[in-house]
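Novice: Based on what follows, work out the 3D shape:
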Amino acid sequence: MERPARRGSGQATEQTDAVSDVARPAALSGAARLAPLYGAQALATGATTVSTVLASLIMSGLGSEALAGLPSTLIQASAATSAGLFGALMLRRGRRPGLSLAFALGTVGSLVGFLGARAGLAPLFLAGAMLMGAAQGGYQQARYAAAESVPEARRGAALGALMLMSVLGSFVMTGFAHPIERLGAALGATPEVTGWLVGGALLGVAALLILSWQPLSGPAVAKRERLPLAAAFRIPGVKSTALAVATAQGLMVTLMSLTPLRAHHMGLDHASIAALISGHILGMFGFGWLTGPLIDRLGLRFGYVSGALLLAAAALTAPLTGQAWLAVSMFLLGLGWNLAFVAGSKALTRFPAAQGVTDALGYVAAGLGTLLGGAVIARAGFPALAITCAVLAALPLVSAWRARPARS
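Specialist: Have a look, this model is predicted:
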(Lines give C-alpha, C1' and ligand atoms only; values in the text may rest on other atoms or scores of the structure.)
Protein backbone atom coordinates (compact mmCIF):
# COMPACT_ATOMS: atom_id res chain seq x y z
CA MET A 1 0.00 0.00 0.00
CA GLU A 2 1.13 3.51 -0.73
CA ARG A 3 1.91 5.73 2.19
CA PRO A 4 3.00 9.34 2.31
CA ALA A 5 6.68 9.94 1.87
CA ARG A 6 8.58 10.60 5.08
CA ARG A 7 10.34 13.89 5.26
CA GLY A 8 14.08 13.65 5.52
CA SER A 9 15.91 15.14 8.44
CA GLY A 10 17.13 17.95 6.23
CA GLN A 11 13.66 19.11 5.31
CA ALA A 12 12.45 22.09 7.26
CA THR A 13 9.05 23.65 7.18
CA GLU A 14 9.21 26.86 5.20
CA GLN A 15 6.76 29.67 5.08
CA THR A 16 6.33 30.45 1.39
CA ASP A 17 4.40 33.66 1.59
CA ALA A 18 6.16 37.00 1.78
CA VAL A 19 6.61 38.71 5.13
CA SER A 20 3.79 41.08 4.29
CA ASP A 21 1.54 38.08 3.67
CA VAL A 22 2.46 36.46 6.96
CA ALA A 23 1.66 39.47 9.10
CA ARG A 24 -1.95 39.01 10.20
CA PRO A 25 -4.19 41.06 12.47
CA ALA A 26 -4.58 39.12 15.70
CA ALA A 27 -8.15 40.32 16.13
CA LEU A 28 -9.35 38.49 13.06
CA SER A 29 -10.56 34.93 13.43
CA GLY A 30 -9.46 32.14 11.12
CA ALA A 31 -12.82 32.20 9.35
CA ALA A 32 -12.59 35.95 8.79
CA ARG A 33 -9.12 35.61 7.32
CA LEU A 34 -10.36 32.96 4.91
CA ALA A 35 -13.42 34.99 3.85
CA PRO A 36 -11.69 36.82 0.95
CA LEU A 37 -10.32 33.53 -0.36
CA TYR A 38 -13.72 31.87 -0.17
CA GLY A 39 -15.43 34.89 -1.73
CA ALA A 40 -12.98 35.04 -4.64
CA GLN A 41 -13.43 31.34 -5.31
CA ALA A 42 -17.22 31.75 -5.28
CA LEU A 43 -16.95 34.48 -7.91
CA ALA A 44 -14.64 32.30 -10.00
CA THR A 45 -17.13 29.44 -9.90
CA GLY A 46 -19.88 31.81 -10.99
CA ALA A 47 -17.71 32.99 -13.87
CA THR A 48 -17.11 29.42 -15.00
CA THR A 49 -20.82 28.66 -14.77
CA VAL A 50 -21.85 31.51 -17.07
CA SER A 51 -19.02 31.09 -19.56
CA THR A 52 -16.96 27.98 -20.11
CA VAL A 53 -19.64 25.43 -19.11
CA LEU A 54 -21.73 26.48 -22.12
CA ALA A 55 -18.80 27.00 -24.50
CA SER A 56 -19.87 23.95 -26.53
CA LEU A 57 -23.03 25.79 -27.57
CA ILE A 58 -21.02 28.80 -28.74
CA MET A 59 -18.66 26.63 -30.76
CA SER A 60 -21.59 24.77 -32.26
CA GLY A 61 -22.88 28.11 -33.55
CA LEU A 62 -19.47 29.16 -34.86
CA GLY A 63 -18.50 25.94 -36.63
CA SER A 64 -19.02 22.21 -36.87
CA GLU A 65 -20.77 20.37 -34.05
CA ALA A 66 -17.99 17.79 -34.24
CA LEU A 67 -15.78 20.54 -32.77
CA ALA A 68 -18.22 21.42 -29.99
CA GLY A 69 -15.84 19.98 -27.41
CA LEU A 70 -12.83 21.92 -28.74
CA PRO A 71 -13.17 25.00 -26.45
CA SER A 72 -13.29 22.81 -23.36
CA THR A 73 -10.37 20.78 -24.69
CA LEU A 74 -8.28 23.95 -25.12
CA ILE A 75 -9.33 25.15 -21.68
CA GLN A 76 -8.21 21.91 -20.10
CA ALA A 77 -4.98 21.78 -22.14
CA SER A 78 -4.09 25.33 -21.10
CA ALA A 79 -4.93 24.54 -17.49
CA ALA A 80 -2.72 21.45 -17.65
CA THR A 81 0.17 23.57 -18.91
CA SER A 82 -0.29 26.37 -16.40
CA ALA A 83 -1.06 24.28 -13.30
CA GLY A 84 2.55 23.26 -12.78
CA LEU A 85 3.79 26.77 -13.51
CA PHE A 86 1.37 28.35 -11.06
CA GLY A 87 2.24 25.67 -8.53
CA ALA A 88 5.92 26.56 -8.82
CA LEU A 89 5.14 30.27 -8.56
CA MET A 90 3.11 29.74 -5.40
CA LEU A 91 5.85 27.64 -3.83
CA ARG A 92 8.35 30.44 -4.45
CA ARG A 93 6.27 33.56 -3.93
CA GLY A 94 3.24 32.45 -1.93
CA ARG A 95 -0.41 31.69 -2.63
CA ARG A 96 -1.67 35.26 -2.82
CA PRO A 97 0.50 36.52 -5.71
CA GLY A 98 -0.19 33.37 -7.71
CA LEU A 99 -3.94 33.50 -7.18
CA SER A 100 -4.10 37.24 -7.95
CA LEU A 101 -2.31 36.68 -11.25
CA ALA A 102 -4.62 33.77 -12.11
CA PHE A 103 -7.81 35.77 -11.51
CA ALA A 104 -6.45 38.70 -13.55
CA LEU A 105 -5.53 36.38 -16.41
CA GLY A 106 -9.05 34.96 -16.33
CA THR A 107 -10.49 38.45 -16.66
CA VAL A 108 -8.50 39.05 -19.83
CA GLY A 109 -9.42 35.63 -21.22
CA SER A 110 -13.12 36.18 -20.62
CA LEU A 111 -13.10 39.51 -22.43
CA VAL A 112 -11.16 38.09 -25.38
CA GLY A 113 -13.59 35.17 -25.60
CA PHE A 114 -16.58 37.49 -25.50
CA LEU A 115 -15.22 39.70 -28.27
CA GLY A 116 -14.36 36.70 -30.44
CA ALA A 117 -17.73 35.01 -30.01
CA ARG A 118 -19.70 38.21 -30.53
CA ALA A 119 -17.79 38.98 -33.74
CA GLY A 120 -18.16 35.41 -35.00
CA LEU A 121 -14.40 34.89 -35.00
CA ALA A 122 -13.79 31.32 -33.84
CA PRO A 123 -9.98 31.67 -33.55
CA LEU A 124 -10.32 34.70 -31.26
CA PHE A 125 -12.95 32.93 -29.16
CA LEU A 126 -10.67 29.90 -28.84
CA ALA A 127 -7.80 32.19 -27.83
CA GLY A 128 -9.98 33.51 -25.02
CA ALA A 129 -10.80 29.94 -24.02
CA MET A 130 -7.10 29.14 -23.80
CA LEU A 131 -6.47 32.14 -21.55
CA MET A 132 -9.39 31.12 -19.35
CA GLY A 133 -7.93 27.64 -19.08
CA ALA A 134 -4.54 29.01 -18.10
CA ALA A 135 -6.23 31.03 -15.37
CA GLN A 136 -8.12 28.01 -14.05
CA GLY A 137 -4.88 26.08 -13.70
CA GLY A 138 -3.91 28.73 -11.15
CA TYR A 139 -7.02 29.71 -9.24
CA GLN A 140 -8.24 26.14 -8.76
CA GLN A 141 -5.24 25.70 -6.45
CA ALA A 142 -7.02 27.93 -3.94
CA ARG A 143 -8.28 24.70 -2.38
CA TYR A 144 -4.77 23.90 -1.18
CA ALA A 145 -4.51 27.34 0.41
CA ALA A 146 -7.71 26.65 2.34
CA ALA A 147 -6.59 23.19 3.43
CA GLU A 148 -3.16 24.44 4.55
CA SER A 149 -4.88 26.81 6.96
CA VAL A 150 -6.19 24.07 9.28
CA PRO A 151 -4.81 20.91 10.93
CA GLU A 152 -4.69 17.81 8.72
CA ALA A 153 -7.58 16.15 10.56
CA ARG A 154 -9.87 19.05 9.52
CA ARG A 155 -8.70 19.59 5.96
CA GLY A 156 -11.65 17.77 4.44
CA ALA A 157 -13.97 20.14 6.27
CA ALA A 158 -11.98 23.17 5.04
CA LEU A 159 -12.22 21.92 1.47
CA GLY A 160 -15.93 21.28 1.93
CA ALA A 161 -16.46 24.82 3.19
CA LEU A 162 -14.69 26.21 0.13
CA MET A 163 -17.01 24.20 -2.09
CA LEU A 164 -20.06 25.37 -0.18
CA MET A 165 -19.07 28.96 -0.83
CA SER A 166 -18.50 28.15 -4.49
CA VAL A 167 -22.07 26.96 -4.96
CA LEU A 168 -23.34 30.37 -3.85
CA GLY A 169 -21.53 32.08 -6.71
CA SER A 170 -22.82 29.55 -9.20
CA PHE A 171 -26.42 29.79 -8.03
CA VAL A 172 -26.36 33.57 -8.17
CA MET A 173 -25.25 33.40 -11.79
CA THR A 174 -27.74 30.74 -12.88
CA GLY A 175 -30.44 32.72 -11.09
CA PHE A 176 -29.54 35.65 -13.31
CA ALA A 177 -30.22 33.69 -16.52
CA HIS A 178 -33.01 36.03 -17.62
CA PRO A 179 -31.11 39.28 -16.85
CA ILE A 180 -28.18 37.86 -18.82
CA GLU A 181 -30.55 37.19 -21.70
CA ARG A 182 -31.74 40.80 -21.58
CA LEU A 183 -28.17 42.09 -21.42
CA GLY A 184 -27.30 39.91 -24.40
CA ALA A 185 -30.25 41.29 -26.37
CA ALA A 186 -29.08 44.82 -25.64
CA LEU A 187 -25.56 43.93 -26.80
CA GLY A 188 -26.74 41.96 -29.82
CA ALA A 189 -25.33 38.70 -28.46
CA THR A 190 -26.69 35.36 -27.27
CA PRO A 191 -26.90 34.59 -23.53
CA GLU A 192 -24.02 32.10 -23.86
CA VAL A 193 -21.79 34.76 -25.42
CA THR A 194 -22.85 37.41 -22.91
CA GLY A 195 -21.90 35.02 -20.12
CA TRP A 196 -18.25 35.47 -21.06
CA LEU A 197 -18.50 39.20 -20.48
CA VAL A 198 -20.19 38.68 -17.12
CA GLY A 199 -17.57 36.08 -16.21
CA GLY A 200 -14.80 38.57 -16.92
CA ALA A 201 -16.37 41.08 -14.55
CA LEU A 202 -16.64 38.47 -11.79
CA LEU A 203 -13.02 37.40 -12.16
CA GLY A 204 -11.92 41.03 -12.07
CA VAL A 205 -13.65 41.49 -8.72
CA ALA A 206 -12.09 38.24 -7.48
CA ALA A 207 -8.63 39.52 -8.40
CA LEU A 208 -9.21 42.62 -6.30
CA LEU A 209 -10.74 40.65 -3.44
CA ILE A 210 -7.81 38.27 -3.12
CA LEU A 211 -5.49 41.24 -2.51
CA SER A 212 -7.16 41.72 0.87
CA TRP A 213 -6.58 38.10 1.88
CA GLN A 214 -3.96 37.41 4.56
CA PRO A 215 -2.72 33.80 4.08
CA LEU A 216 -2.69 31.71 7.22
CA SER A 217 0.14 29.43 6.17
CA GLY A 218 1.97 28.08 3.19
CA PRO A 219 3.01 24.68 1.84
CA ALA A 220 5.86 23.07 3.74
CA VAL A 221 8.55 22.02 1.27
CA ALA A 222 12.31 22.04 1.26
CA LYS A 223 12.72 23.20 -2.34
CA ARG A 224 10.46 25.84 -3.76
CA GLU A 225 10.36 24.37 -7.22
CA ARG A 226 8.04 22.34 -9.39
CA LEU A 227 8.80 18.63 -9.59
CA PRO A 228 8.94 16.96 -13.02
CA LEU A 229 6.17 14.45 -13.60
CA ALA A 230 8.43 11.42 -13.17
CA ALA A 231 9.88 12.77 -9.93
CA ALA A 232 6.45 13.58 -8.55
CA PHE A 233 5.23 10.07 -9.31
CA ARG A 234 8.13 8.55 -7.40
CA ILE A 235 6.71 10.01 -4.19
CA PRO A 236 4.78 7.20 -2.45
CA GLY A 237 1.06 7.97 -2.48
CA VAL A 238 1.07 10.33 -5.47
CA LYS A 239 0.21 7.80 -8.21
CA SER A 240 -2.97 6.53 -6.58
CA THR A 241 -4.04 10.05 -5.67
CA ALA A 242 -3.43 11.30 -9.22
CA LEU A 243 -5.49 8.43 -10.64
CA ALA A 244 -8.54 9.40 -8.60
CA VAL A 245 -8.19 13.13 -9.23
CA ALA A 246 -7.64 12.71 -12.98
CA THR A 247 -10.54 10.29 -13.38
CA ALA A 248 -12.98 12.44 -11.43
CA GLN A 249 -11.94 15.62 -13.22
CA GLY A 250 -11.92 14.02 -16.66
CA LEU A 251 -15.33 12.38 -16.40
CA MET A 252 -16.97 15.36 -14.76
CA VAL A 253 -15.74 17.91 -17.29
CA THR A 254 -16.49 15.66 -20.26
CA LEU A 255 -20.12 15.03 -19.33
CA MET A 256 -20.65 18.53 -17.94
CA SER A 257 -19.41 20.10 -21.17
CA LEU A 258 -21.25 17.86 -23.61
CA THR A 259 -24.56 17.25 -21.82
CA PRO A 260 -25.75 20.84 -22.52
CA LEU A 261 -25.35 20.08 -26.23
CA ARG A 262 -27.53 16.99 -25.81
CA ALA A 263 -30.09 19.09 -23.91
CA HIS A 264 -30.03 21.64 -26.73
CA HIS A 265 -30.79 18.87 -29.22
CA MET A 266 -33.72 17.84 -27.02
CA GLY A 267 -35.19 21.31 -27.49
CA LEU A 268 -34.45 22.78 -24.07
CA ASP A 269 -34.09 26.57 -23.91
CA HIS A 270 -31.31 28.54 -22.21
CA ALA A 271 -33.15 28.82 -18.89
CA SER A 272 -33.79 25.06 -18.79
CA ILE A 273 -30.16 24.27 -19.57
CA ALA A 274 -29.12 26.75 -16.88
CA ALA A 275 -31.34 24.84 -14.44
CA LEU A 276 -29.54 21.60 -15.33
CA ILE A 277 -26.22 23.29 -14.68
CA SER A 278 -27.56 24.55 -11.34
CA GLY A 279 -28.34 20.98 -10.29
CA HIS A 280 -24.89 19.90 -11.35
CA ILE A 281 -23.22 22.71 -9.42
CA LEU A 282 -25.36 21.83 -6.39
CA GLY A 283 -23.97 18.31 -6.51
CA MET A 284 -20.42 19.56 -7.01
CA PHE A 285 -20.33 22.12 -4.22
CA GLY A 286 -23.57 22.21 -2.24
CA PHE A 287 -22.82 19.22 -0.01
CA GLY A 288 -19.24 20.07 0.84
CA TRP A 289 -20.37 20.77 4.41
CA LEU A 290 -21.20 17.04 4.64
CA THR A 291 -18.74 15.27 2.35
CA GLY A 292 -15.62 17.01 3.69
CA PRO A 293 -16.19 16.07 7.35
CA LEU A 294 -17.23 12.55 6.29
CA ILE A 295 -13.92 12.08 4.49
CA ASP A 296 -12.11 13.42 7.57
CA ARG A 297 -13.93 10.86 9.68
CA LEU A 298 -14.10 7.82 7.38
CA GLY A 299 -10.93 8.28 5.34
CA LEU A 300 -9.90 8.54 1.72
CA ARG A 301 -11.31 5.14 0.77
CA PHE A 302 -14.83 6.31 1.53
CA GLY A 303 -14.40 9.27 -0.82
CA TYR A 304 -12.93 7.23 -3.64
CA VAL A 305 -15.45 4.36 -3.52
CA SER A 306 -18.57 6.48 -3.11
CA GLY A 307 -17.32 8.91 -5.75
CA ALA A 308 -16.70 6.12 -8.26
CA LEU A 309 -20.17 4.64 -7.73
CA LEU A 310 -21.92 7.98 -8.18
CA LEU A 311 -19.89 8.87 -11.28
CA ALA A 312 -20.88 5.56 -12.86
CA ALA A 313 -24.54 6.13 -11.96
CA ALA A 314 -24.39 9.59 -13.51
CA ALA A 315 -23.00 8.24 -16.76
CA LEU A 316 -25.61 5.46 -16.97
CA THR A 317 -28.58 7.79 -16.37
CA ALA A 318 -27.39 10.48 -18.81
CA PRO A 319 -28.67 8.73 -22.00
CA LEU A 320 -32.15 8.08 -20.57
CA THR A 321 -35.02 9.95 -22.17
CA GLY A 322 -36.44 13.04 -20.50
CA GLN A 323 -35.26 16.24 -18.86
CA ALA A 324 -35.73 14.73 -15.40
CA TRP A 325 -33.13 12.03 -16.07
CA LEU A 326 -30.71 14.63 -17.36
CA ALA A 327 -31.19 16.55 -14.12
CA VAL A 328 -30.55 13.41 -12.03
CA SER A 329 -27.46 12.60 -14.07
CA MET A 330 -25.98 16.08 -13.73
CA PHE A 331 -26.56 16.12 -9.97
CA LEU A 332 -24.98 12.69 -9.44
CA LEU A 333 -22.08 13.71 -11.66
CA GLY A 334 -21.37 16.70 -9.46
CA LEU A 335 -21.69 14.79 -6.18
CA GLY A 336 -19.53 11.90 -7.39
CA TRP A 337 -16.85 14.35 -8.47
CA ASN A 338 -17.08 16.10 -5.10
CA LEU A 339 -16.38 12.95 -3.11
CA ALA A 340 -13.48 11.69 -5.22
CA PHE A 341 -11.98 15.15 -5.73
CA VAL A 342 -12.12 16.22 -2.09
CA ALA A 343 -10.50 12.96 -1.03
CA GLY A 344 -7.77 13.35 -3.62
CA SER A 345 -7.23 17.02 -2.81
CA LYS A 346 -6.87 16.25 0.88
CA ALA A 347 -4.29 13.58 0.07
CA LEU A 348 -2.39 16.05 -2.12
CA THR A 349 -1.92 18.48 0.76
CA ARG A 350 0.82 16.10 1.95
CA PHE A 351 2.73 16.59 -1.30
CA PRO A 352 2.95 20.36 -2.06
CA ALA A 353 5.65 20.01 -4.69
CA ALA A 354 3.53 17.49 -6.62
CA GLN A 355 0.27 19.46 -6.54
CA GLY A 356 0.77 21.34 -9.80
CA VAL A 357 1.77 18.37 -11.94
CA THR A 358 -0.93 16.18 -10.43
CA ASP A 359 -3.57 18.80 -11.15
CA ALA A 360 -2.21 18.98 -14.68
CA LEU A 361 -3.06 15.32 -15.23
CA GLY A 362 -6.67 16.03 -14.32
CA TYR A 363 -6.82 18.79 -16.91
CA VAL A 364 -5.23 16.54 -19.52
CA ALA A 365 -7.85 13.88 -18.83
CA ALA A 366 -10.63 16.45 -19.10
CA GLY A 367 -9.22 17.88 -22.34
CA LEU A 368 -8.92 14.49 -23.98
CA GLY A 369 -12.36 13.54 -22.74
CA THR A 370 -14.10 16.54 -24.27
CA LEU A 371 -12.16 16.33 -27.54
CA LEU A 372 -12.79 12.64 -28.03
CA GLY A 373 -16.27 12.90 -26.55
CA GLY A 374 -17.42 15.36 -29.20
CA ALA A 375 -16.16 13.03 -31.91
CA VAL A 376 -17.82 10.00 -30.29
CA ILE A 377 -21.17 11.81 -30.12
CA ALA A 378 -20.90 12.85 -33.77
CA ARG A 379 -20.18 9.30 -34.93
CA ALA A 380 -21.79 6.92 -32.44
CA GLY A 381 -24.17 9.07 -30.40
CA PHE A 382 -24.34 10.27 -26.83
CA PRO A 383 -25.18 6.81 -25.32
CA ALA A 384 -21.82 5.44 -26.52
CA LEU A 385 -20.01 8.24 -24.72
CA ALA A 386 -22.02 7.67 -21.56
CA ILE A 387 -21.26 3.94 -21.44
CA THR A 388 -17.54 4.61 -21.92
CA CYS A 389 -17.61 7.08 -19.04
CA ALA A 390 -19.40 4.55 -16.83
CA VAL A 391 -16.63 2.01 -17.38
CA LEU A 392 -13.87 4.52 -16.67
CA ALA A 393 -15.63 5.54 -13.44
CA ALA A 394 -14.31 2.34 -11.84
CA LEU A 395 -10.72 3.66 -11.81
CA PRO A 396 -10.96 5.41 -8.40
CA LEU A 397 -11.60 1.97 -6.90
CA VAL A 398 -7.93 1.26 -7.59
CA SER A 399 -7.07 4.40 -5.64
CA ALA A 400 -9.25 3.18 -2.78
CA TRP A 401 -7.40 -0.13 -2.72
CA ARG A 402 -4.04 1.65 -2.56
CA ALA A 403 -5.09 4.25 0.03
CA ARG A 404 -4.34 3.90 3.72
CA PRO A 405 -7.16 2.20 5.65
CA ALA A 406 -6.70 4.47 8.63
CA ARG A 407 -8.17 7.96 8.86
CA SER A 408 -6.45 10.08 6.21
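
Novice: So for stretch 163-178, mean pLDDT?
Specialist: Mean per-residue pLDDT for stretch 163-178: 76.

Novice: sorry, that was for stretch 390-399
Specialist: 94.

Novice: Identify the residues contacting it?
Specialist: 240-241, 243-244, 247-248, 250-251, 300, 304-305, 307-309, 311-312, 315-316, 336, 340, 344 (CB atoms under 8 Å, 6 or more residues apart in numbering). Placement of C-beta: from N, CA and C, glycine included.

Novice: let's see it at 6 Å
Specialist: Stretch 390-399 is contacted from outside by 240, 243, 244, 247, 304, 307, 308, 311, 312, 315, 316, 340, using CB atoms under 6 Å, 6 or more residues apart in numbering.

Novice: There's contact between the fifth one and residue 244 in this structure, I believe.
Specialist: Okay, so that is residue 304. Yes: the pair residue 304 / residue 244 is scored as a contact, 5.3 Å apart, by CB atoms under 6 Å.

Novice: can you list residues touching both of those two?
Specialist: Shared contacts of residue 304 and residue 244, counting by CB under 6 Å, 6+ apart, come down to 340, 396, 399.

Novice: Buried ones among those residues?
Specialist: Buried subset of the shared contacts of residue 304 and residue 244 (neighbour count, 16 or more other CB atoms under 10 Å): 340, 396, 399.

Novice: Include secondary structure when you put these into CSV, please.
Specialist: What follows is these, written out as CSV (DSSP: H, G, I helix; E, B strand; the rest coil):
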residue, secondary structure
340, helix
396, helix
399, helix
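
Novice: hmm, back to that, including distance to residue 366, could the shared contacts of residue 304 and residue 244 go into JSON lines?
Specialist: JSON lines is the format used below for the shared contacts of residue 304 and residue 244 (distance: CB to CB, whole Å):
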{"residue": "340", "distance to residue 366": "14"}
{"residue": "396", "distance to residue 366": "15"}
{"residue": "399", "distance to residue 366": "17"}
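
Novice: following the host helix or strand of residue 231, which helix or strand shows up next?
Specialist: Taking DSSP states H and E as the definition, residue 231 sits inside helix 229-233. Next helix or strand after helix 229-233 toward the C-terminus (DSSP H and E): helix 238-265.

Novice: buried set for the helix or strand following that following helix?
Specialist: Proceeding N to C from helix 238-265, the next assigned helix or strand is helix 270-285, under DSSP H and E. Residues 270, 272-285 are the ones in helix 270-285 that count as buried (16+ other CB under 10 Å).

Novice: Low-confidence stretches in this protein?
Specialist: Along the chain, segments meeting pLDDT under 70 span 1-32, 53, 64-66, 69, 174, 216-229, 270, 404-408.

Novice: Tell me the spacing between the spatially most central residue of the chain and residue 262.
Specialist: A centroid search over the chain (CA atoms, centre = their mean) returns residue 140, at 5.9 Å, as the residue closest to the centre. Distance, residue 140 to residue 262, by CB to CB, to the nearest Å: 26 Å.

Novice: How about residue 72?
Specialist: 14 Å.

Novice: which non-adjacent residue is nearest residue 336?
Specialist: residue 310 (3.1 Å; CB to CB, 6 or more residues apart in numbering).

Novice: sec struct for residue 189, please.
Specialist: Residue 189 - assigned by three-state DSSP - is coil.

Novice: Now do the same contact list for it.
Specialist: Residue 189 neighbours (CB under 6 Å, 6+ apart): residue 118.

Novice: Backbone dihedrals for it, please?
Specialist: When read as degrees, to the nearest 10, the backbone of residue 189 gives phi -130, psi 160.

Novice: And residue 150, which helix or strand is it part of?
Specialist: Judged by DSSP H and E, residue 150 forms part of no helix or strand.

Novice: So what does it look like in phi/psi?
Specialist: Reported as degrees, to the nearest 10, the phi and psi values for residue 150 are phi -130, psi 160.

Novice: Return the distance of it relative to residue 90.
Specialist: Where residue 90 is concerned, residue 150 sits at a distance of 18 Å (CB to CB).

Novice: Looking at these two, which is more packed in?
Specialist: Neighbours per residue (other CB atoms under 10 Å) separate residue 150 from residue 90, with residue 90 holding more: 29 against 19.

Novice: got the contact list for the nearest residue to the more buried one once chain neighbours are set aside?
Specialist: Nearest residue to residue 90, sequence neighbours excluded (CB to CB, 6+ apart): residue 98, at 3.9 Å. Each residue near residue 98 by CB under 6 Å, 6+ apart is listed here: 86, 89, 90, 138.

Novice: change it to 8 Å
Specialist: So residue 98 contacts 86, 89, 90, 138, 141 (CB under 8 Å, 6+ apart).

Novice: quick one on the thing from earlier: my read: the residue nearest to the centre of the chain touches residue 359, true?
Specialist: Yes: counting by CB atoms under 8 Å, residue 140 touches residue 359, with 6.8 Å between them.

Novice: Give the residues shared as contacts by these two.
Specialist: 79, 83.

Novice: Quick one: classify residue 120 as helix, strand or coil.
Specialist: Residue 120 ends up coil, using three-state DSSP.

Novice: helices or strands up against the helix or strand harbouring residue 346?
Specialist: Per DSSP H and E, residue 346 falls inside helix 323-348. Here helix 323-348 touches helix 142-148, helix 155-175, helix 238-265, helix 270-285, helix 288-298, helix 300-317, going by 3 or more CB pairs under 8 Å, 6 or more residues apart in numbering; DSSP states H and E.

Novice: residues of the third one that come out buried?
Specialist: Read that as helix 238-265. Residues of helix 238-265 classed as buried: 238-264 (neighbour count, 16+ other CB under 10 Å).

Novice: ok, back up a step: and the contacts of residue 98, which two are furthest apart?
Specialist: Pairwise distances across these (CB to CB) peak at 9.9 Å, for the pair 89 and 141.

Novice: With secondary structure as extra columns, can I get the contacts of residue 98 in TSV?
Specialist: Shown next, in TSV, are those (three-state DSSP):
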residue	secondary structure
86	helix
89	helix
90	helix
138	helix
141	coil
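
Novice: thinking again about what came up before, counting neighbours, what do you get for the residue nearest to residue 336?
Specialist: There are 22 residues near residue 310, going by other CB under 10 Å.

Novice: and what of residue 186?
Specialist: Counted with other CB under 10 Å, residue 186 comes out at 9.

Novice: Please apply the same query to the one 4 residues further on.
Specialist: In terms of burial, residue 190 registers 19 neighbours under the definition other CB under 10 Å.
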